[in-house]
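S.K.: structure, please.
(chains A and B)
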Amino acid sequence: MAMLNIENLHANVGDKEILKGLTLEVGAGEVHAIMGPNGSGKSTLGYVLAGREGYEATSGSVTFDGKDLLALEPHERAAAGFFLGLQYPVEIPGVSNLNFLRTALNAQRKLRGEPDVSAADFMRLARTEADAFDLTMDHMKRGVNVGFSGGEKKRNEMVQMALLAPKFAVLDETDSGLDIDALKTVAGGINRLRSPERGFLLITHYQRLLDYVKPDKVHVLSGGRIVRSGGPELAHALEREGYGELAA
Amino acid sequence: MNALPIPTRRDEAWRYSDLEALGEVWPSGVVSERIDVPAGETRALTLVADAAQPVAVRDWTVTIADGARLDLHILNLGGRYGRVALDVTLGEGSHFELGAAQVAGGKTTLEIVTHVRHAAPGATSRQTVRTVLAQQATGTYLGKVAVDRGAQKTDAAQSVKAMLLDRTATANAKPELEIFADDVKCAHGATVGELDATQYFYLTSRGLPPAEAKRLLLHAFLADAFAGMDDAGARETLEAAALAALERLA
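M.R.: Got it, this is the predicted structure:
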């Protein structure tokens, strides 16, 4: 069975149905991209998978690494190896980035029955990953995302992903708002983390990211369901012709 | 000596008080204190008011003379009823800093009532009050800043925030200004809210269990009150006591 298996998923935000029978399989080691017009349900998909309150799956199933993902609490999904990179990372004044990450990492490890990472090992890891995504230790010591530029927030999501080392990552428009250098840094990070044991689902508006991170498959999400799937060439066709034709 | 009549709810400064609890200590149990900071001097005081005294009513009169400074940090936890009332008079070019946190659950009533009078020019005052309330607790901040006619170049700020963990808790916030000078800067802001759902989701989605996520967010919220403290040891003591109070709410 595929690492992530979404079967005929219906989901509501409030009392409005946003996902209307979405089916998608992503295998371990694969990178898939989901593209689609505004309001098609891309971010909702990410939130439903991560278990955000108010985003309710009404029918269908999601199996992740053999587990019923929808039955787990958000923190249990994280510990099971699921990661959602947010389109708009949240600022949390007063909670330092480092403290947050170390607490999160050790909480995940505890649920998995693994020992804590020592303070020294964690600092080494944090330094290495901050450096890899062009953030300083000053960024890491500050409140989570506080005073970060848009691009820094997105890169901080990548630092978190690299540190938490999930089995599967959904990245919701991690590429939007990045200049070309930052885009290359982010893409380089994703490519480095690609492995036969790890899957990615990239939610994006533009094929630009896909020039740097070659997807195995591209899907078009429209009206709450996958209306078309193909290889990387589909992203180029979408860029050329827009969603109108292809998503119809 | 004639006993003072016990205040009633018609008295604005006692509108949200637990008058029944007050009755048990009135008037002899009211702790009246004076703090006088002499001209040019600096004082720092901290107060932890906890359940050791189930009903604690404090009434402080403070004068901060010309060019002097008082930093006052309060953690009001209370037992059944905890009140701290401050009557502060500021001299020329002086500064008053108040950082206060209140944490309560059960049926506890907590309140901080301040009257800060800018009596001379060029004085500054900063009041930061953070309150976390659960169950049927009540938390109040009543803060009046009065600027006398001659007190030009006054700079006064009040930042008041309360967080309700249960819909059954009650927060009252009333920052008030009374200004008789025309060249002054007086800022005030008051909010009452709940735990930020987006921040909470962000933390849990990265693996923090619900209780841990709440603890981090509430700790950060309260830490605003003690952020300006120079004495790191004293700050840690207050923060640890605030954290312990948050744990007891869970």
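
S.K.: in chain A, which spans are strands?
M.R.: A:4-13, A:16-26, A:31-35, A:55-64, A:67-68, A:82-85, A:92-96, A:143-144, A:168-172, A:199-203, A:217-222, A:225-230 (DSSP state E).

S.K.: what does chain B put close to chain A?
M.R.: Contact residues (C-beta under 8 Å from any C-beta of the partner chain) of chain B with chain A: B:197-199, B:201-210, B:212-213, B:216-217, B:219-221, B:223-224. All C-beta spots, glycine's among them, are computed from the backbone N, C-alpha and C.

S.K.: show me the contacts for residue 66.
M.R.: You didn't pick a chain, so chain A it is. Counting by C-beta atoms under 8 Å, 6 or more residues apart in numbering or on different chains, A:G66 makes contact with A:M1.

S.K.: hmm, I had chain B in mind actually
M.R.: Contacts of B:D66 (C-beta under 8 Å, 6+ apart): B:39-40, B:91-94, B:120.

S.K.: which of those residues are buried?
M.R.: Among those, the ones that count as buried by 16 or more other C-beta atoms under 10 Å in any protein chain shown are B:91-94, B:120.

S.K.: which stretches of the chain have low pLDDT?
M.R.: Reading this off chain A. Where chain A drops to pLDDT under 70, the residues are A:246-248.

S.K.: try chain B instead
M.R.: B:1-3.

S.K.: wait, a helix at B:Q135?
M.R.: No. B:Q135 is assigned coil when assessed by DSSP: H, G, I helix; E, B strand; the rest coil, not a helix.

S.K.: measure it to B:A169 for me?
M.R.: 6 Å (C-beta to C-beta, to the nearest Å).

S.K.: which one's more surrounded, the two?
M.R.: B:A169 (22 against 14; other C-beta atoms under 10 Å in any protein chain shown).

S.K.: my guess is the more buried one contacts B:T140. True?
M.R.: No. Using C-beta atoms under 8 Å, B:A169 makes no contact with B:T140, being 11.7 Å away.

S.K.: any idea how many residues pack against the residue in chain A that chain B sits nearest to?
M.R.: For chain A and chain B, the shortest gap (C-beta to the nearest C-beta) falls at A:G94, measuring 2.8 Å. Around A:G94 there are 17 other residues, counting by other C-beta under 10 Å.

S.K.: list the contacts of the residue lying closest to it once chain neighbours are set aside.
M.R.: Spatial nearest neighbour of A:G94, chain neighbours left out: B:A220 (2.8 Å); criterion: C-beta to C-beta, 6 or more residues apart in numbering or on different chains. Counting by C-beta under 8 Å, 6+ apart, B:A220 touches A:92-95, A:143.

S.K.: my read: B:T191 touches B:V160, true?
M.R.: Yes. Counting by C-beta under 8 Å, B:V160 is a contact partner of B:T191 at 7.5 Å.

S.K.: can you list residues touching both of these two?
M.R.: Joint contacts of B:T191 and B:V160 (C-beta under 8 Å, 6+ apart) are B:A173.

S.K.: next, the residue nearest the centre of chain B: secondary structure please.
M.R.: The centroid of chain B falls nearest to B:A100 when counting by C-alpha atoms, centre = their mean (4.0 Å). Secondary structure, three-state DSSP: B:A100 is strand.

S.K.: ramachandran angles for the residue lying closest to it once chain neighbours are set aside?
M.R.: Spatial nearest neighbour of B:A100, chain neighbours left out: B:I74 (4.2 Å); criterion: C-beta to C-beta, 6+ apart. Note on B:I74: its backbone torsions stand at phi -130, psi 130 [degrees, to the nearest 10].

S.K.: need the contact list for B:I74.
M.R.: Here B:I74 is in contact with B:46-49, B:84, B:98-101, B:112 (C-beta under 8 Å, 6+ apart).

S.K.: quick check: end-to-end length of stretch B:71-83?
M.R.: Start to finish, the residues bounding stretch B:71-83 are 19 Å apart (C-alpha to C-alpha, to the nearest Å).

S.K.: quick one: distance of it to the chain centre.
M.R.: In terms of C-alpha atoms, centre = their mean, to the nearest Å, the centre of stretch B:71-83 is found 8 Å from the chain centre.

S.K.: which residue ranges form the strands in chain B?
M.R.: Going by DSSP E, chain B shows strands at B:31-37, B:42-49, B:55-64, B:69-76, B:81-90, B:95-104, B:109-118, B:124-133, B:138-147, B:155-164, B:170-179, B:185-193.

S.K.: now do the fourth one and strand B:124-133, the angle between them.
M.R.: Strand B:69-76 runs at 10 degrees relative to strand B:124-133, counting by axes from the mean of the first three to the mean of the last three C-alpha atoms, to 10 degrees.

S.K.: could you do the fifth one as well?
M.R.: Note on geometry: by the same axes, to 10 degrees, strand B:81-90 and strand B:124-133 are set 170 degrees apart in direction.

S.K.: angle of strand B:81-90 against strand B:42-49?
M.R.: Per the same axes, to 10 degrees, the angle that strand B:81-90 makes with strand B:42-49 is 170 degrees.

S.K.: strand B:81-90 pairs with which strands?
M.R.: strand B:55-64 (parallel), strand B:109-118 (parallel) (DSSP bridges).

S.K.: what residues of stretch B:20-38 count as buried?
M.R.: Within stretch B:20-38, the residues that qualify as buried are B:21-22, B:25-26, B:37, counting by 16+ other C-beta under 10 Å.

S.K.: B:A85 contacts B:A56, doesn't it?
M.R.: No. With contact defined as C-beta under 8 Å, B:A85 does not count as touching B:A56 (11.4 Å).

S.K.: between the two, point out the one with more neighbours.
M.R.: In this view B:A85 and B:A56 are compared by other C-beta under 10 Å, and B:A56 has more residues nearby, 24 against 19.

S.K.: in contact with the more buried one, which residues?
M.R.: B:31, B:49, B:78-79, B:81-83.

S.K.: one more: B:Q158?
M.R.: Applying C-beta under 8 Å, 6+ apart, the residues contacting B:Q158 are B:127, B:129, B:143, B:145, B:175, B:187-190.

S.K.: A:G230 now?
M.R.: Per C-beta under 8 Å, 6+ apart, neighbours of A:G230: A:217-218, A:237.

S.K.: turn the residues you listed into a markdown table, columns for distance to chain B and neighbour count.
M.R.: Output for the contacts of A:G230, formatted as a markdown table (distance: C-beta to the nearest C-beta, whole Å; neighbours: other C-beta atoms under 10 Å in any protein chain shown):
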| residue | distance to chain B | neighbour count |
| --- | --- | --- |
| A:K217 | 25 | 19 |
| A:V218 | 26 | 25 |
| A:A237 | 33 | 16 |
